[in-house]
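Trainee: starting from these lines, generate the structure:
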Amino acid sequence: MKSEDLAQQLKFLMEIDRLKGIMRQSPLLDQSRKENSAEHSWHLAMYAWLLQEYAAERVNVPRVIQMLLLHDVVEIDAGDTPIHNTCSREEQAEREANAAVRLFGLLPEAQRDELMELWHEFESVETGDAKFAKALDRFQPLLVNVFTGGGTWSESNVSYEQVLERYGPVIRHGAPALWAVCEQWVAQHFTNAKNNEKNS
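Mentor: The predicted structure follows:
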């Protein structure tokens, strides 16, 4: 063990403690507060482990879990950008790429390269592992919005069509069976919302 490697690894681990302070727009299911990005990443890792049978193709679950634990680390520098935000995707991608260089650059070279490669794989969504990971990253907040009576959809005045457009392709691509369930949830949610509006 090289003492300089350990120092770099510990520096990185201490730096990513800051992810616990990055607040997302999604509430907890009990609606007591918003979730943070570290909680979101942990929960997605559990989703990958328990829902692996729904992946569109055979996946390497430990790699998917690694991707999900890693995918939002860049938010330490770049911040969380909600799916319904209208900011430029190019701008967001540039901020996140710069964050990846700085944060993964804290590690010894071999680990820096390994994490950078895994993060790029998730972002490019070309492999089966990345497609499933990205699908879960859309599925979890959709579930939260449905089971909190609208969550960020209500706050951002998101329409039924926008939900289908923003969540559908990614979830269907990586986990079509989960999207089939989502379609039912979303249709029921917006039907209920419309009925509640009429009756109020």
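
Trainee: excluding sequence neighbours, find me the nearest residue to the residue nearest the centre of the chain.
Mentor: When the chain is reduced to its mean C-alpha position, the closest residue under Cα atoms, centre = their mean turns out to be Asp137, at 3.5 Å. Closest residue to Asp137 apart from its sequence neighbours, by Cβ to Cβ, 6 or more residues apart in numbering: Leu44 at 6.2 Å. C-beta coordinates here come from the backbone N, C-alpha and C atoms, glycine included.

Trainee: how close does the one you found sit to Gly168?
Mentor: Separation of Leu44 from Gly168 (Cβ to Cβ, to the nearest Å) stands at 19 Å.

Trainee: and these two? Which one has more around it.
Mentor: Using other Cβ atoms under 10 Å, the more surrounded residue of Leu44 and Gly168 is Leu44, with 23 against 16.

Trainee: these two touch, right, that one and Arg138?
Mentor: No: at 10.3 Å, Leu44 does not count as touching Arg138 under the criterion of Cβ atoms under 8 Å.

Trainee: ok, residues contacting the helix or strand in which Leu44 is found?
Mentor: Here Leu44, judged by DSSP states H and E, is contained in helix 37-50. Contact partners of helix 37-50, identified using Cβ atoms under 8 Å, 6 or more residues apart in numbering, comprise 19-20, 22-24, 26, 35, 61, 64-65, 68-72, 75, 80, 132-133, 136-137, 139-140.

Trainee: can you flag the buried ones in the residues you listed?
Mentor: In the contacts of helix 37-50, burial by neighbour count holds for 19, 22, 24, 26, 35, 61, 64-65, 68-72, 75, 80, 132-133, 136-137, 139-140, counting by 16 or more other Cβ atoms under 10 Å.

Trainee: thinking again about what came up before, which other helices and strands contact the host helix or strand of the residue nearest to the centre of the chain?
Mentor: Using DSSP H and E, Asp137 sits within helix 128-147. Here helix 128-147 touches strand 23-27, helix 37-50, helix 61-70, helix 109-124, helix 151-155, helix 160-174, helix 176-199, going by 3 or more Cβ pairs under 8 Å, 6 or more residues apart in numbering; DSSP states H and E.

Trainee: one more pass at 10 Å, please.
Mentor: On a contact count with 3 or more Cβ pairs under 10 Å, 6 or more residues apart in numbering; DSSP states H and E, helix 128-147 meets strand 23-27, strand 34-36, helix 37-50, helix 61-70, helix 109-124, helix 151-155, helix 160-174, helix 176-199.
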